[in-house]
Each structure stands twice: as C-alpha cells, then as structure tokens.
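> Predicted structure and sequence below. I'll ask about it afterward.
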Amino acid sequence: MILPIVAYGSPVLKKMADEIEEDYEGLADLISNMFETMYEASGVGLAAPQIGKSIRLFVIDASPFAEVDEDEEPDPKAAGLKGFKKVFINPIIETEEGEEWGFQEGCLSIPTIREEVMRNPQIRITYYDENWNYCDKEYDGYAARIIQHEYDHVEGILFTDHLSPLKKRILKKKLVQISKGDIEVAYRMKFPSLKRGKR
Ligand code: NI
C-alpha cells in the first residue's frame, strides 16, 4: 500500500522519534508499505516520520547509485551498493569520521529542492534489521550518506537544517510553498498548511 509522504512543515518531521519493541503491531506490513511508497516516489531512502509515524525506523535501497554507464569510470563511493536494500530499526550512529565532503541532497518530504550538505564520509552504526538481528556495521561513500540523511529524520532533523543561514533565507519562500502544497509533485503527499478546498 502506498502511503502519503508528509511534506516540509509537518510537526512529525521535527520530532525525535521513539524506539520500538519487537512486538510492534503491523511492523512487517509497515516496512513493506514503506518500500512500496519509496519506490513509487523514486526515492533511495524513506524514514517512518515521513509517513507520519514518529518511530525509529527507516528503509534504504541504494541500488540506483550502483548503476553506471558502461563507458563511465566506476565511482568508488558507489562500491558495494548493488542490491543494497536494508531496514534499520532503533538505529544509533556510534561514530562519524573523516574529512567532511559535500553532496547535493534531496528529500521526498522537500520536493524540488536539492542542496549541498557537508557530512563525514565514514560511519559506524548499530541497529536491528527486519528480523531483529542486532547489527554493528561500518559504511562509507553513498551508503553512509543515505544512512546519515535517513538517520537525521528519526532525530527530527531535515537536510535543510544543515544549510547556512543565508541559504535558508533564500529557500524560505520555496519551503513555505511546499508546506502549502503549492508545488507539482508526482507522488502522493500530505501538506501541513494546505489551503481549504485544494486537494
Ligand atoms: Ni529525507
């Protein structure tokens, strides 16, 4: 089932999400719905707050980053991303290391905006997978980048929070438009300040 993705300005996106227990009702269905919703919106990651649930859960499928043209040099940052499809439950980023690098990030909750965000290249993260196996893993390159972005969501942080005050000021009007649903978007969304009468 495809779920509506909540847009910028929704309070749930600014909340620190709660951990869940192994008996969380409907978890398997929720995970499968989140993947379906993410694919429908052509995303590589989706966090539970983005579908309105303030819980520490996100899903990632980074395989689009592994696709390269035959005449292109393989990107070392994309190494190991073929079939990189994972579920992260109750994650904790334990360490973030290395010299920060910039990457143009986008977010399904903030359509039409892409901006460069600086982050550390290497992370160590502990979490439970969809079968409640405890995992302690290190990631780098695009995998780390996507995880850091989704992890921010369960901490109540958006990529726009990482931008400079000047950049934020420049984007302000566009962000207000997004929260009002005053944008063209190809997937189902829920807007916090939608004017009455408009779908
Ligand atoms: Ni996002």
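Happy to help now that I have it.

> wait, what's in contact with the residue nearest to residue 64 when sequence neighbours are not counted?
Leaving aside its chain neighbours, residue 64 sits nearest to residue 44 (5.9 Å; criterion: CB to CB, 6 or more residues apart in numbering). Glycine gets a C-beta too; all of them are placed from N, C-alpha and C. The contact partners of residue 44, taken as CB atoms under 8 Å, 6 or more residues apart in numbering, are 38, 60, 61, 62, 64, 65, 146.

> Would you mind writing the ChimeraX command to select the buried ones in those residues?
Here is the ChimeraX command that selects the buried residues among the contacts of residue 44 (16 or more other CB atoms under 10 Å):
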select :38,60,61,62,65,146
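
> Turn the contacts of residue 44 into CSV, columns for pLDDT.
Shown next, in CSV, are those (pLDDT from 0 to 100):
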residue, pLDDT
38, 98
60, 98
61, 96
62, 92
64, 85
65, 82
146, 97
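
> ok, the contacts of residue 44 vs residue 98, which is closest?
residue 146 (16.2 Å; CB to CB).

> Can you give me the distance of the residue nearest to that closest one when sequence neighbours are not counted to residue 113?
Nearest in space to residue 146, with sequence neighbours left out and distances taken as CB to CB, 6+ apart, is residue 45 at 4.9 Å. From residue 45 across to residue 113, the span is 16 Å (CB to CB, to the nearest Å).

> what does residue 156 give?
On the measure of CB to CB, residue 156 and residue 113 end up 19 Å apart.

> Any regions of the chain where pLDDT drops low?
196-199 (pLDDT under 70).

> what lines up beside whichever strand in the chain runs longest in the sheet?
For the chain, the longest strand by residue count, based on DSSP state E, is strand 85-97. If you go by DSSP bridges, strand 85-97 pairs up with strand 57-61 (antiparallel), strand 122-128 (antiparallel).

> and the helix or strand hosting residue 168, which residues are buried?
Assessed by DSSP states H and E, residue 168 sits inside helix 165-180. For helix 165-180, a neighbour-count test (16+ other CB under 10 Å) marks 171, 175, 178, 179, 180 as buried.

> Output these in JSON lines, with distance to residue 16 appended to each entry.
Output for the buried residues of helix 165-180, formatted as JSON lines (distance: CB to CB, whole Å):
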{"residue": "171", "distance to residue 16": "24"}
{"residue": "175", "distance to residue 16": "21"}
{"residue": "178", "distance to residue 16": "22"}
{"residue": "179", "distance to residue 16": "21"}
{"residue": "180", "distance to residue 16": "26"}
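
> picking that back up, comparing the strands paired with strand 85-97, which comes out most buried?
strand 57-61 (a mean of 25; mean count of other CB atoms under 10 Å).

> Now do it: everything it contacts.
17, 20, 30-31, 34-35, 38-39, 44-48, 84-91, 143, 146-147, 150-151, 153-154.

> Tell me where this protein has strands.
Going by DSSP E, the chain shows strands at 5-6, 45-47, 57-61, 85-97, 101-105, 115-119, 122-128, 134-139, 189-190.

> any chance of these in TSV, plus distance to residue 163?
Formatted as TSV, those follow (distance: least, CB to CB, whole Å):
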stretch	distance to residue 163
strand 5-6	20
strand 45-47	19
strand 57-61	21
strand 85-97	18
strand 101-105	10
strand 115-119	6
strand 122-128	21
strand 134-139	24
strand 189-190	22
